[in-house]
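> let me see the structure of the following:
(2 chains)
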Amino acid sequence: MESKPSTTPSSFIDQQVFPGDVVLDLSKMANQTIKLGGGLRQDGDVISVMKAGKLRFSKPNKYWVESSNKRYVPSAGDNVLGIVVDAKADNFLVDIKGPTLAFLPVLAFEGGTRRNIPKFEMGTLLYVRVVKANTGMNPELSCMDASGKAAEYGPLKEGFMFESSTGLSRTLLSSPTCPVLETLGKKLAFEIAVGLNGRVWVNAASPSIVVLVANTIMKTESLSPVQQKIKVESLMQRMR
Amino acid sequence: MDLEREGGRGANQLRPIDCSRNVLSRAHGSASCSHGETRVLAAVYGPKAGTKKNENPEKACIEVIWKPKSGQIGKPEKEFEMILKRTLQNICLLNVHPNTTTSIIVQVVHDDACAALIDAGIPLKYLAESGKILLDPNKLEEQKTKAFVCLAFPSSVHSVLTEGSINGIITSLTHGVMAVDDYFQCVEQGRAAITPLSNILKKKLQSQSAE
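Predicted structure coming up:
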């Protein structure tokens, strides 16, 4: 671990931080507006860490802690994969791996009216967008994008869904395309939907391709990009 | 009168510590921790919706289940559960997820000394044996002593503040008879030993989550 604290916050950026670590001292920074993302909280005059993870900073003034968990903390604007648990009069209750169930209003579909309410059975997998996620309230979901179009949201039929950590989901969704998906995509044809809550859905023409893609993604989670490429190549060799 | 301890440890040395994260694939969070021969496995499930009947719905509720290595669940286990629960409630920020329950299940794998607070904060144990104070006893030493104290301190933190160290105690559990001065000495020794202990733990946790 590094030797003792200097007063500049840059000493902690991109470092592993633990709950309780103090990362910013507001009294030393003159009139600035700082935006705090997940994992940080304000404790009087200092900013301290709530969750263990890597501290990240993006100009001009955003700080957040990146951590990878099996549970998801809902936040507005995320695309997640949810499973329908119950259907009530006004909304569907959907499990998105968060602290509470989320509500999907029955009318939140493109062209949705009281007359054509979709019928989802318990256990249906849905690709949805989180509209609102405030603490203490159940999150609200929608099957439309911000402008009211359907845009790929909705039930996912067939295929295979597996669960992993939120960190893996973020890696899969990063741009430029993550090496695993790129290498797999060069040789195989498959469909994939990644939810920021740690759920991934894969579909392909034959089950063996689905299994290969799913296993590859799960196994290469903890490898570096170069290692990932090598591992994917070797797994695909075995298939041929 | 110099006390001799098994294994040649000095009065102030700790037993070897090991800890690893994410050992259980189905639990939402898990850790296995060992101090010398004592090993404990802890699993966390949550936060899940809903609180228990008597708990405050504005805060998150923490539920602790303590499973001993053998035997039925009796009063000592309930006591450990309560101690752990109180300790954790003081550490966790309970307002972040109101009206949820987080379950923590602690399984004692190998019981050498009282593994009561192993996962929370940084716990230490002291003995006072006719005037001498020993750090981190094992079971034999524990049985010989007049009194022992189990203390949980907050772990040392890295800070951009140049002054201000953490100087509180989260939990203190005492057994037996000891003088007031001895107790304070135990507290001081414990506080001094926190820094190396938490550095070791952080290193272990960091190397595992480095990917």
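> tell me how many other residues surround residue 187.
Using chain A. A count of nearby residues for A:K187, using other Cβ atoms under 10 Å in any protein chain shown, gives 12. Any C-beta I mention is one placed from the backbone N, CA and C, and that applies to glycine too.
> not quite, go with chain B.
17.
> which residue is the nearest non-sequential neighbour of A:E121?
A:V84 (7.1 Å; Cβ to Cβ, 6 or more residues apart in numbering or on different chains).
> now the one you found: which helix or strand?
strand A:79-87 (DSSP states H and E).
> for A:L104, which three-state class applies?
In three-state terms, and counting by DSSP: H, G, I helix; E, B strand; the rest coil, A:L104 is strand.
> which residues does it contact?
Applying Cβ atoms under 8 Å, 6 or more residues apart in numbering or on different chains, we find A:L104 in contact with A:82, A:84, A:91-94, A:126, A:128, A:140-143.
> pLDDT on the strand holding A:V84, on average?
For strand A:79-87, mean pLDDT rounds to 93.
> parallel or antiparallel, list what pairs with it.
Here strand A:79-87 is paired, per DSSP bridges, with strand A:91-95 (antiparallel), strand A:125-132 (antiparallel).
> could these go into JSON lines alongside mean pLDDT and mean neighbour count?
Shown next, in JSON lines, are the strands paired with strand A:79-87 (pLDDT from 0 to 100; neighbours: other Cβ atoms under 10 Å in any protein chain shown):
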{"stretch": "strand A:91-95", "mean pLDDT": "92", "mean neighbour count": "20"}
{"stretch": "strand A:125-132", "mean pLDDT": "93", "mean neighbour count": "21"}
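> where's the closest residue in space to B:I200 that isn't next to it in sequence relative to chain A, distance?
Here the nearest residue to B:I200 in space, its sequence neighbours aside, is B:I17; by Cβ to Cβ, 6+ apart that works out to 5.7 Å. For B:I17, the distance to chain A equals 16 Å [Cβ to the nearest Cβ, to the nearest Å].
> tell me which residues form a beta bridge with B:I17?
Beta-bridge partners, per DSSP bridges, of B:I17: B:H35.
> tally of neighbours for it?
B:I17: 16 neighbours (other Cβ under 10 Å).
> can you verify my assumption that it contacts B:N199?
No. Distance between B:I17 and B:N199: 10.7 Å, which falls outside the contact criterion (Cβ atoms under 8 Å).
> strands of chain B, start to end?
B:17-21, B:29-35, B:38-49, B:61-67, B:100-110, B:122-129, B:132-135, B:147-153, B:171-176 (DSSP state E).
> quick one: low-confidence ranges for chain A?
Applying pLDDT under 70 to chain A flags residues A:1-10, A:240.
> ok, back up a step: pick out whichever of the contacts of A:L104 sits closest to A:F103.
A:N91 (4.2 Å; Cβ to Cβ).
> re earlier: give me the contacts around the strand holding A:V84.
A:72, A:74, A:92-96, A:101-102, A:104, A:120-130, A:141, A:156, A:161, A:193-197, A:199-201.
> hmm, 6 Å instead?
A:92-96, A:120, A:122, A:124-129, A:195-197, A:199 (Cβ atoms under 6 Å, 6 or more residues apart in numbering or on different chains).
> which parts of it are buried?
Of all the residues in strand A:79-87, those buried under the rule 16 or more other Cβ atoms under 10 Å in any protein chain shown are A:79-84, A:87.
> sorry, back to before: against B:S198, how distant is the residue nearest to B:I200?
According to Cβ to Cβ, to the nearest Å, B:I17 and B:S198 sit 10 Å apart.
> next, the buried residues of the longest helix along chain A.
Criterion DSSP state H: the longest helix present in chain A is helix A:225-239. Under the neighbour-count criterion of 16+ other Cβ under 10 Å, helix A:225-239 has A:228-229, A:231-232, A:235-236 buried.
> for B:C186, give its distance to B:I83.
For B:C186 relative to B:I83 (Cβ to Cβ), the value is 17 Å.
> that older thread, any idea which of the strands of chain B scores lowest on pLDDT?
strand B:122-129 (a mean of 46).
> which phi and psi does B:Q72 have?
Note on B:Q72: its backbone torsions stand at phi -90, psi 170 [degrees, to the nearest 10].
> center of chain A - which residue?
Central residue of chain A (Cα atoms, centre = their mean): A:L196, 1.7 Å from the mean position.
> list the helices and strands the host helix or strand of A:T216 packs on?
Element membership of A:T216, judged by DSSP H and E, is helix A:207-219. With contacts defined as 3 or more Cβ pairs under 6 Å, 6 or more residues apart in numbering or on different chains; DSSP states H and E, helix A:207-219 has these neighbours: strand A:199-204, helix A:225-239.
> does chain B sit close to the longest one?
No. Judged by Cβ under 6 Å from any Cβ of the partner chain, helix A:225-239 stays clear of chain B, getting no closer than 10.3 Å.
> for that helix, name the packing helices and strands.
helix A:179-187, helix A:207-219.
> remind me, longest helix of chain B?
helix B:180-208.
> for that helix, what does the pLDDT average out to?
Helix B:180-208 comes out at a mean pLDDT of 73.
> show me what counts as buried in it.
Here helix B:180-208 shows B:182-183, B:186-187, B:189-191, B:193-194, B:197-198, B:200-202, B:204-205 as buried, counting by 16+ other Cβ under 10 Å.
> about what we covered before: chain center to the strand holding A:V84: distance?
15 Å (Cα atoms, centre = their mean, to the nearest Å).
> dump the C-alpha coordinates for that strand into PDB.
Coordinates of each C-alpha in strand A:79-87 appear next as PDB, following Å, rounded to 0.1, in the frame of the first residue of the first chain:
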ATOM      1  CA  ASN A  79     -30.900  -1.000 -19.300                       C
ATOM      2  CA  VAL A  80     -31.500  -4.100 -17.300                       C
ATOM      3  CA  LEU A  81     -32.900  -7.600 -17.700                       C
ATOM      4  CA  GLY A  82     -35.800  -8.300 -15.400                       C
ATOM      5  CA  ILE A  83     -37.900 -11.300 -14.600                       C
ATOM      6  CA  VAL A  84     -41.700 -10.900 -14.100                       C
ATOM      7  CA  VAL A  85     -42.700 -12.000 -10.700                       C
ATOM      8  CA  ASP A  86     -46.300 -10.900 -10.500                       C
ATOM      9  CA  ALA A  87     -48.900  -9.000 -12.500                       C
END
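> so that strand versus strand A:199-204, what angle?
100 degrees (axes from the mean of the first three to the mean of the last three Cα atoms, to 10 degrees).
> neighbours around B:K52, how many?
8.
> next: A:E110.
Counted with other Cβ under 10 Å, A:E110 comes out at 13.
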